[in-house]
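Colleague: Here is a sequence together with a model predicted from it:
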Amino acid sequence: MSFADSPSEYAAASARILRDEPTMRTAVTGAARSKDDRRRAAWSQIDIEAWRDWARDLKSHVLTHLDRYLEEAERRLIENGVRVHWAETAEQACAVVASVAVVHRVRRVVKAKSMLTEEIGLNAHLETHGIEVRETDLGEYIIQLLGEPPSHIVGPSLHRSLDDCRRLFHERFGTPLDAAPEILAATARRVLRDDFLQADLGVSGANFLAADTGTVALIENEGNIRISTSLPRIHVALVGIEKLVPELEDLAGMIQLTARSATGQPIGNYVSLIQGPRRPGEPDGPDEVHVVFVDNGRSALLADEHAWETLRCVRCGACLNICPVYRQTGGHAYGWAYSGPIGAILAPAILGLEESMPLPFASSLCGACAEVCPVRIPIPELLVYWRERAVAADLTPPMERLAMKAYANLAERPAAFGAASDLVRFLPIVKGGRALPVLGSWTGARGAPEPSTERFLRKWEQTYGAAHESSVRGKEEGQ
Ligand code: SF4
């Protein structure tokens with residue numbers, strides 16, 4: 001299982017997963033539901049609406065003053081002894097990491113989980129330089145062994161069942177086929193220990209970066225990030241330019257809100273606040289720390305007066321967990337690093353709208369994603385925004401465009417709409433709960449209701465007409 005070749009393969013990839021991978025659908029749905037239940041419980045312990053307002057306002061403030069905060073962060077990082085790099089594109093970001101590795105003759109890299117490194121394709125790039133990259137997050141390690149990309153922002157292997165992992169570890173390491181999860185985790189820990197000890201360079205992302213102190217903040221549950229960033233002699237942190245918060249004390253709220261939304265924990269098991277390389281007298285830590293600020297389309301997104309709010313995302317994955325579309329297939333069908341609702345609004349900005357089609361349409365617009373987003377990104381509105389742009393750019397199927405134009409023409413003319421609905425009611429489109437081929441893909445997996453024997457407009461008038469008229473009269477008399 002790999003990513004669909006690109007987002008444009010979304011429909012075919014989804015159909016293939018639904019047809020050929022029934023256990024994957026069960027695993028994804030079960031894991032997503034359980035994560036969402038935990039988020040709900042964790043949110044109920046705090047005044048969540050006030051927290052969400054605070055987080056939205058904080059991130060919006062940073063984004064609308066990003067130049068100032070980036071310059072401040074760079075100054076502080078340099079004062080802390082960190083080497084700062086700027087990468088406008090994915091290729092430049094990969095090249096910076098590769099050049100650090102090559103200069104220091106690095107043969108092995110241990111990597112903490114980072115969606116930004118998935119976005120820019122870092123592993124494949126380092127491997128072209130003969131550098132071995134080892135994922136150290138357990139979920140990432142499992143999918144690396146399987147040769148698969150991540151299926152979820154927070155739970156990269158959530159599409160795999162416990163039995164899938166048992167079979168994998170049995171084949172690779174000889175553990176029993178009925179091994180308990182603790183045995184599998186202990187095996188991974190033992191194997192990874194050698195990688196940690198032999199690695200010269202650790203790569204991480206950053207959940208946040210506090211501009212006033214130049215502090216990189218990382219949240220995790222396994223301890224692998226802390227080892228990856230402190231044991232090797234060099235640490236490189238790749239940081240999306242939108243990851244800043246103004247002050248160190250903002251981290252307390254953002255870390256807690258992210259953990260509660262991602263995994264339902266009040267806080268991650270480990271929070272690392274990295275403030276530069278090891279200082280004289282300190283027992284551990286790297287000799288060199290590099291921060292690479294990555295743009296890769298973010299500045300252009302920030303300049304988009306409609307879509308810029310996407311950059312508030314803290315990558316908690318809550319919108320994936322609740323999305324009825326994501327739950328059917330998991331992330332691979334989306335064809336790139338970010339899946340689910342956030343993937344569908346981020347892809348047009350990062351990959352380009354044409355390359356992202358049809359992801360903005362991969363949603364029922366039910367609105368659940370907006371209800372769970374801790375930073376209140378208006379995801380459904382942004383999906384509609386990208387859809388409107390896709391229609392304006394003629395990127396939707398020609399037949400669909402024609403059908404929508406015809407419908408719009410009818411809907412604006414009540415008499416013609418009524419006549420057309422009369423006609424449709426008597427056409428044999430639905431028979432015995434199944435649609436004829438013209439609507440086949442709508443009803444291939446669900447029943448189709450028989451058409452009503454009455455016109456919609458007549459029913460509307462009967463039900464609401466009198467109430468509507470009296471409300472209009474009331475308003476007029478009240479004026
Ligand atoms: S869009 Fe909101 S809910 Fe989705 S991953 Fe980002 S912060 Fe979390």
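Modeller: In hand now; what should we look at?

Colleague: Name the next helix or strand downstream of the host helix or strand of Arg52, please.
Modeller: Using DSSP states H and E, Arg52 sits within helix 48-64. Next along the chain after helix 48-64, taking DSSP H and E as the criterion, comes helix 66-79.

Colleague: Check the gap between the closest residue to Ile225 other than its chain neighbours and Val271 for me.
Modeller: Distances taken as C-beta to C-beta, 6 or more residues apart in numbering place Ala112 nearest to Ile225, at 4.0 Å, with adjacent residues excluded. Where C-beta positions appear, they are placed from N, C-alpha and C, glycine not excepted. From Ala112 over to Val271 the distance is 13 Å, taken as C-beta to C-beta, to the nearest Å.

Colleague: Arg33 too?
Modeller: 27 Å.

Colleague: okay, Leu457: pLDDT?
Modeller: Listed pLDDT for Leu457 reads 78.

Colleague: Stretch 381-390 and the ligand in contact?
Modeller: No. Using C-beta under 6 Å from any ligand atom, stretch 381-390 stays clear of the ligand, with a minimum separation of 9.6 Å.

Colleague: I'd like the average pLDDT over that stretch.
Modeller: Average pLDDT, stretch 381-390: 98.

Colleague: buried sites along it?
Modeller: By neighbour count with 16 or more other C-beta atoms under 10 Å, stretch 381-390 contains the buried residues 382-383, 385-387, 390.

Colleague: For the residue nearest the centre of the chain, which residues are in contact?
Modeller: Nearest to the geometric centre of the chain sits Tyr338, at 4.2 Å (C-alpha atoms, centre = their mean). Contacts of Tyr338 were listed using C-beta atoms under 8 Å, 6 or more residues apart in numbering, and they are 115, 119, 153, 346-347.

Colleague: tell me, what's touching Ala112 and Val271 both at once?
Modeller: Taking C-beta under 8 Å, 6+ apart as the criterion, Ala112 and Val271 both touch Leu218.

Colleague: Give the bridge partners for Ala237, please.
Modeller: Ser204, Val291 (DSSP bridges).

Colleague: Go ahead and list the helix or strand containing Ala31.
Modeller: Element membership of Ala31, judged by DSSP H and E, is helix 22-43.

Colleague: Give me the angle between that helix and helix 48-64.
Modeller: Between helix 22-43 and helix 48-64, the angle comes out at 100 degrees (axes from the mean of the first three to the mean of the last three C-alpha atoms, to 10 degrees).

Colleague: Please determine how far Asn123 is located from the ligand.
Modeller: Going from Asn123 to the ligand by C-beta to the nearest ligand atom, to the nearest Å gives 22 Å.

Colleague: quick one: that residue is in a helix?
Modeller: Yes. Using DSSP: H, G, I helix; E, B strand; the rest coil, the assignment for Asn123 is a helix.

Colleague: Leaving out the residues flanking it, which one is nearest to it?
Modeller: What sits nearest to Asn123 in space, not counting adjacent residues and going by C-beta to C-beta, 6+ apart, is Val133, at 4.7 Å.

Colleague: okay, the closest residue to Gly223 other than its chain neighbours: pLDDT?
Modeller: Leaving aside its chain neighbours, Gly223 sits nearest to Tyr270 (5.6 Å; criterion: C-beta to C-beta, 6+ apart). We have a pLDDT of 96 for Tyr270.

Colleague: list the contacts for Tyr270?
Modeller: Applying C-beta under 8 Å, 6+ apart to Tyr270 gives the contacts 219-223, 225-226.

Colleague: what about stretch 119-137, how long is it end to end?
Modeller: Stretch 119-137 has an end-to-end distance of 17 Å (criterion: C-alpha to C-alpha, to the nearest Å).

Colleague: Same question for that stretch: list its buried residues.
Modeller: Buried residues in stretch 119-137, counted by 16+ other C-beta under 10 Å: 119-120, 122-123, 125-126, 131, 133-137.

Colleague: now that stretch, how far from the chain's geometric center?
Modeller: Chain-centre distance of stretch 119-137: 21 Å, with C-alpha atoms, centre = their mean, to the nearest Å.
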